[in-house]
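J.: the following block contains a protein sequence and its predicted model.
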There are 2 protein chains.
Amino acid sequence: MANVDNKMDNNQLIRKLAEKKHRDQRKLFLVEGEKSLLELLGSDFEIEFLVMGATFHKHHYSLVANKIEKGNIRHRIIDEAEIKSLSTLEHNIAGIAIVKQKENIAPKIHNEIMLALDAVRDPGNLGTIMRIADWYGIRNVIASEDTADYYNPKSISASMGSFARVNIHYTNLFSYLEAAPFPILGSFLDGSNAHTMSFPDFGILVIGNESNGISSNIKQLIKHKITIPRFGKAESLNAAIATAVILDNWIR
Amino acid sequence: MANVDNKMDNNQLIRKLAEKKHRDQRKLFLVEGEKSLLELLGSDFEIEFLVMGATFHKHHYSLVANKIEKGNIRHRIIDEAEIKSLSTLEHNIAGIAIVKQKENIAPKIHNEIMLALDAVRDPGNLGTIMRIADWYGIRNVIASEDTADYYNPKSISASMGSFARVNIHYTNLFSYLEAAPFPILGSFLDGSNAHTMSFPDFGILVIGNESNGISSNIKQLIKHKITIPRFGKAESLNAAIATAVILDNWIR
C-alpha cells in the first residue's frame, strides 16, 4: 500500500514540476531523457528520485549499479509507456529524475570569460546558449531576474546535458555589472569588428532580449562594443547565433 | 455579394495554406507579419492577394501606395482581430499575403559559397539557417528532398525576411553533389581546425540532420572536413549554430 501511494506521489510530483510555481516552492526540477540523465549521473547534482525504463536500465547497467544503487538514490524501474506519458518530452522512454536545484549564489570568478543574460525569455534559447557556453568552456552565466527559468524542462532539454556543467546565477543584472571589476562586452551594430578587434583576456559578454536587445541602462555599462561583420543583407542574427560567433572570435 | 464570397474564399485559402498539401497543390504560400511583409514588398515575389490592418496601412502608407496600389496588387484592409485569428503567428495584426512560390529550378552559380541541407527537418531551424545565409551573403541553398518545406509559415517567419533574398532549390542532394564541380565541405569531429585551416575560395557547406548529422552516402563526397575547436565539454553544437560559426570562419 505504501508503495502504491508513493508511486502516485512521485507521478504527481513529476507532473507538478513541469510548472515554475512548483519548482520554485520545492527547489526541485526534472531531468528527462537518456542524454540528460547520463550527464546528470556524472554531475554533482543531488537526485531525489529516479524512474527508468527497462531499456535504459539494461543499456547503462554498470552506471546504474555504481551510481544509483550504490549511491542509495531512490529509484524504480517503470513501464516505458508510463515514462512517455509522464514526460514533458515527446519521445522519452529512458527515464525522469527529480533533482534538487542548486542554491542561487554568486559564483567566485577567476579572470575568466562569462556570459550575462539580459532578459533572454525563451527557455529553448536559454538552453541553447548554455550548450554554446559549455562548448566554449564557460563555467559561469549571470542572468537578470526576468530571464527564462533555467530549470524549465525546455531549457534543460535544449542544453543537451550542458546544464550539468554550466552554473547560472540569477540576480539584479544592472547592479552586478555596475560593480563588476572586469570588462563588459556586448554586440551592437556600430561596434568594433569582431574579426579584427583585440578582445580583453577575460570579461563578460552581455546577451540581450530576443526582441528588444540589450536594455538601455545596461547598454551604458558596456565599454567594449562588438559587431559581427555582415556580408549580406539580413538585419540581425538571433541571440544564440550571435553569442556563438562572438565567443568563437573571442576564444580562438 | 461577390465581395462577401471573395472574402470567404480568401480567408479559407489563407487557412489552407498553413498546410503543405495545399501549398504544393496551389504553388502558393503565406507571408505574415510586418517585418516579413516589408521584405516581401521589396522583393520580386509575386503577390496574389494581401490583407492588411489599418495600423500597418497607415505606418507604411507610401510603400503601400507605390507598391500595392500602383502595382495593381489585389488587397483589402480588414479588422486587425481578423488578421490575428487568420494568422499562424501569435501576435500578427499587420497583415497576411498570399504569394506565388518560385519555380524549383537549379540555380546558375558563379564561384560562390553555398549551403547544402541534408534532411534539416525542423522548419524553424531551416528559417534560422536562411537568415544566417543571408547575413553572410549566401544567395543559393541546395536542399535534399526530405528537408523541411521552405514555404512552411514557421520557416518564413524564422527567416526574419531573409526568405526574400536567399534562393532554395530542392533536389536529389547526393546526385547534385556527386556532379558538383566545386569543393564540398562539412563539419565533423575529426576534421581540420576551422580557426587555422585554409578554406577554398568557394564551394558548398553541407549541413546535416538535427539528430543524425550528415547521411553516410553524402559523407563520402565531402573532401573538406572541418572541426570547430571546442574549449569545453558540450558534445556538439546545433546545426544552425555550427553553420554560423563555420561561415564566419570561412568568409572572414
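T.: Perfect, thanks for sending it.
J.: next one: the helix or strand hosting A:Val99 to chain centre, how far?
T.: Using DSSP states H and E, A:Val99 sits within strand A:95-100. Centroid separation between strand A:95-100 and its chain, computed with Cα atoms, centre = their mean, to the nearest Å, is 15 Å.
J.: and that strand, what's buried?
T.: Along strand A:95-100, these residues count as buried under the neighbour rule (16 or more other Cβ atoms under 10 Å in any protein chain shown): A:Gly95, A:Ile96, A:Ala97, A:Ile98, A:Val99. In this view, the C-beta of every residue, glycine as well, is placed from N, C-alpha and C.
J.: what does stretch A:132-145 give?
T.: Buried positions in stretch A:132-145, judged by neighbour count with 16+ other Cβ under 10 Å: A:132-144.
J.: got these as CSV, with distance to chain B, pLDDT and secondary structure columns?
T.: Formatted as CSV, the buried residues of stretch A:132-145 follow (distance: Cβ to the nearest Cβ, whole Å; pLDDT from 0 to 100; DSSP: H, G, I helix; E, B strand; the rest coil):
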residue, distance to chain B, pLDDT, secondary structure
A:Ile132, 6, 98, helix
A:Ala133, 7, 98, helix
A:Asp134, 4, 98, helix
A:Trp135, 4, 98, helix
A:Tyr136, 5, 98, coil
A:Gly137, 4, 97, coil
A:Ile138, 7, 98, coil
A:Arg139, 8, 97, coil
A:Asn140, 12, 98, strand
A:Val141, 12, 98, strand
A:Ile142, 17, 98, strand
A:Ala143, 19, 98, strand
A:Ser144, 23, 98, strand
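J.: one step back: in its sheet, what does the helix or strand following the strand holding A:Val99 sit against?
T.: Using DSSP H and E, the helix or strand that follows strand A:95-100 towards the C-terminus is strand A:113-117. Note on strand A:113-117: by DSSP bridges, its sheet partners are strand A:140-144 (parallel), strand A:203-207 (parallel).
J.: using PDB, list the CA coordinates for the strand holding A:Val99.
T.: Coordinates of the C-alpha atoms in strand A:95-100 are reproduced here as PDB (Å, rounded to 0.1, in the frame of the first residue of the first chain):
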ATOM      1  CA  GLY A  95      13.600   8.000 -17.600                       C
ATOM      2  CA  ILE A  96      12.900  11.000 -15.500                       C
ATOM      3  CA  ALA A  97      14.800  12.300 -12.400                       C
ATOM      4  CA  ILE A  98      13.600  14.600  -9.700                       C
ATOM      5  CA  VAL A  99      16.600  16.700  -8.800                       C
ATOM      6  CA  LYS A 100      17.500  19.300  -6.200                       C
END
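J.: strands paired with it, and their directions?
T.: The sheet places strand A:95-100 alongside strand A:28-32 (antiparallel), strand A:47-52 (antiparallel), with pairing taken from DSSP bridges.
J.: near chain B, which residues of the stretch 101-250 of chain A?
T.: For the stretch 101-250 of chain A, the contact set with chain B under Cβ under 8 Å from any Cβ of the partner chain comprises A:128, A:131-138, A:160-162, A:165, A:195, A:228-238, A:240-241, A:244-245, A:248-249.
J.: in ChimeraX, how would I select the buried members of those?
T.: Written as a ChimeraX command, the selection of buried residues from these, which uses 16+ other Cβ under 10 Å, is:
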select /A:128,131,132,133,134,135,136,137,138,160,161,162,165,228,232,234,237,238,240,241,244,245,248,249
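J.: out of the strands paired with strand A:95-100, which one sits most buried?
T.: Mean neighbour count (mean count of other Cβ atoms under 10 Å in any protein chain shown) peaks for strand A:28-32 among these, with a mean of 24.
J.: average model confidence for that one?
T.: Averaged across strand A:28-32, pLDDT comes to 98.
J.: what do you get for stretch A:213-232?
T.: Stretch A:213-232 shows a mean pLDDT of 96 in the predicted model.
J.: now the end-to-end length of it.
T.: Stretch A:213-232 has an end-to-end distance of 21 Å (criterion: Cα to Cα, to the nearest Å).
J.: now do stretch A:163-175
T.: Stretch A:163-175 end-to-end distance (Cα to Cα) = 25 Å.
J.: for it, list every residue counted as buried.
T.: By neighbour count, and taking 16+ other Cβ under 10 Å as the criterion, the buried residues in stretch A:163-175 are A:Phe163, A:Ala164, A:Arg165, A:Val166, A:Asn167, A:Ile168, A:His169, A:Tyr170, A:Thr171, A:Leu173.
J.: now these in JSON lines, with pLDDT and secondary structure?
T.: Output for the buried residues of stretch A:163-175, formatted as JSON lines (pLDDT from 0 to 100; DSSP: H, G, I helix; E, B strand; the rest coil):
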{"residue": "A:Phe163", "pLDDT": "97", "secondary structure": "helix"}
{"residue": "A:Ala164", "pLDDT": "96", "secondary structure": "helix"}
{"residue": "A:Arg165", "pLDDT": "96", "secondary structure": "coil"}
{"residue": "A:Val166", "pLDDT": "97", "secondary structure": "coil"}
{"residue": "A:Asn167", "pLDDT": "96", "secondary structure": "strand"}
{"residue": "A:Ile168", "pLDDT": "97", "secondary structure": "strand"}
{"residue": "A:His169", "pLDDT": "98", "secondary structure": "strand"}
{"residue": "A:Tyr170", "pLDDT": "98", "secondary structure": "strand"}
{"residue": "A:Thr171", "pLDDT": "98", "secondary structure": "strand"}
{"residue": "A:Leu173", "pLDDT": "98", "secondary structure": "helix"}
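J.: nearest to chain B among the residues you listed?
T.: A:Arg165 (5.6 Å; Cβ to the nearest Cβ).
J.: list the contacts of the closest one.
T.: Taking Cβ atoms under 8 Å, 6 or more residues apart in numbering or on different chains as the definition of contact, the neighbours of A:Arg165 are A:Glu39, A:Ser43, A:Asp134, A:Arg139, B:Gly232, B:Lys233, B:Ala234.
J.: how near is it to A:Asn140?
T.: Computed as Cβ to Cβ, to the nearest Å, the A:Arg165 to A:Asn140 distance reads 11 Å.
J.: show me what contacts A:Leu41?
T.: When the contact criterion is Cβ under 8 Å, 6+ apart, the partners of A:Leu41 are A:Leu63, A:Lys67, A:Ile68.
J.: repeat that for A:Lys58.
T.: Residues near A:Lys58 by Cβ under 8 Å, 6+ apart: none.
J.: mind telling me what element it is part of?
T.: helix A:54-59.
J.: beyond that helix, next helix or strand please.
T.: helix A:61-63.
J.: which element follows that following helix toward the C-terminus?
T.: From helix A:61-63 onward toward the C-terminus, using DSSP H and E, the following helix or strand is strand A:75-77.
J.: show me what counts as buried in the helix or strand following that following strand.
T.: Next helix or strand after strand A:75-77 toward the C-terminus (DSSP H and E): helix A:80-86. In terms of neighbour count (16+ other Cβ under 10 Å), helix A:80-86 has its buried residues at A:Glu80, A:Ile83, A:Leu86.
J.: buried sites along the helix holding A:Lys58?
T.: So helix A:54-59, judged by 16+ other Cβ under 10 Å, has buried residues A:Phe56, A:His57.
J.: shaky segments in chain A?
T.: In the prediction, chain A carries residues with pLDDT under 70 at positions A:1-8.
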